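**Student:** from the sequence below, what's the structure:
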Amino acid sequence: MNFAIDSLEAFLEREYRLVIVEIVEAMGSTPREAGAFMLVSPTDTHGTIGGGQMEHLAIDNARALLAGVTDRFEMDIPLGPDIGQCCGGRVVIGFRIGDDGERDRLQEQLRTRVAAMPEVWLFGAGHVGRALGDALLLLPVKTYAVETRKSELDQMSAGASHRLVAMPESIIKDISPGSAVVILTHDHALDFLIARQALQRDDLAYVGMIGSKTKRATFASWARREGFGDALIDRLVLPIGGKAVEDKRPAVIAAMTAAEILMAIAAYRVKSES
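**Tutor:** Predicted structure coming up:
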């Protein structure tokens, strides 16, 4: 389970008196989108609707509702100089007392959002695989780690769902459309088998492999012998993480790859909806 979701559940268990603060409408340039929400208790908060003076005003109103000194359940806030913000947009913020019914609705809303999250499948739980699992932990994705070695999989972040299998390439056919596949195993031959299966699908948002220019050339030569055309080969991101940062530490590769994956998933969703 995603760490951010765990902490939300912990907040709900700890704080009985709270207000759910949600952006109902977002017009123009705004720091968060409609549907973004936070929770406000008398002494604590969870999440954010964008920060700045807008969020401070919302928190103050939520606590006034809890104290019974206001009945204002909606705020329409221009994000301009009057409140010291320069976004230029406008937000309508709704407030709901977090009674049992609203808590149930929030949990259902959360389950719906989790179900709609894109999947990222990490094939390999070595140093970079584990670092990437950690980097994805707080992002709006569901992460799965696939390994043939239990000793490596046991070290993977608990935020990823673990899959211990003898033939990782066999899982590719069952992955949801729009997912990302990242190939980071300890065996180049296995890497190529997984990539072959992934590239044969045209409904994955991202297929990437750890490696170098030499590995890419070797893979391209192998793939052509397997009957792949250049268009399919070009869909493979190899090396992962781009070239903007010349630093091969696992945490750096993971950070750059996580950003690469998010951009690829966003582009895939825009293309799918157009």
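**Student:** quick one, strands of the stretch 51-200 of the chain?
**Tutor:** 74-78, 90-97, 119-123, 142-147, 161-164, 180-183 (DSSP state E, counting those that start in this stretch).
**Student:** out of those, flag the one nearest residue 224.
**Tutor:** Residue 224 lies closest, by Cβ to Cβ, to one member of the strands of the stretch 51-200 of the chain: strand 180-183, at 18.5 Å. For the C-beta atoms, the positions are set from N, CA and C on the backbone; glycine is no exception.
**Student:** relative to the closest one, what are the paired strands and their orientations?
**Tutor:** strand 119-123 (parallel), strand 206-209 (parallel) (DSSP bridges).
**Student:** nearest to residue 47, out of those?
**Tutor:** strand 119-123 (22.2 Å).
**Student:** for that closest one, list the C-alpha coordinates in CSV.
**Tutor:** Written as CSV, here are the backbone C-alpha positions of strand 119-123 (Å, rounded to 0.1, in the frame of the first residue of the first chain):
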residue,chain,number,x,y,z
GLU,A,119,0.8,0.7,-12.3
VAL,A,120,4.6,0.7,-12.4
TRP,A,121,6.2,-2.8,-12.7
LEU,A,122,9.8,-3.1,-11.6
PHE,A,123,11.5,-6.3,-12.9
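**Student:** what's the angle between that strand and strand 142-147?
**Tutor:** With axes from the mean of the first three to the mean of the last three Cα atoms, to 10 degrees defining the directions, strand 119-123 sits at 20 degrees from strand 142-147.
**Student:** contacts for strand 119-123?
**Tutor:** Residues outside strand 119-123 that contact it (Cβ atoms under 8 Å, 6 or more residues apart in numbering): 129, 132-133, 136, 141-147, 156, 160, 168, 171, 175-176, 178-185, 191, 194, 261.
**Student:** run a quick neighbour tally on residue 66.
**Tutor:** 17 (other Cβ atoms under 10 Å).
**Student:** do the same with residue 62
**Tutor:** 28.
**Student:** and for the one 5 residues further on?
**Tutor:** The local packing of residue 67 (other Cβ under 10 Å) involves 9 other residues.
**Student:** leaving out chain neighbours, which residue sits closest to it?
**Tutor:** residue 42 (7.8 Å; Cβ to Cβ, 6 or more residues apart in numbering).
**Student:** roughly how far does that neighbour sit from residue 18?
**Tutor:** Distance of residue 42 to residue 18, computed by Cβ to Cβ, to the nearest Å: 8 Å.
**Student:** what do these two both touch?
**Tutor:** With contacts taken as Cβ under 8 Å, 6+ apart, residue 42 and residue 18 have residue 66 as neighbours in common.
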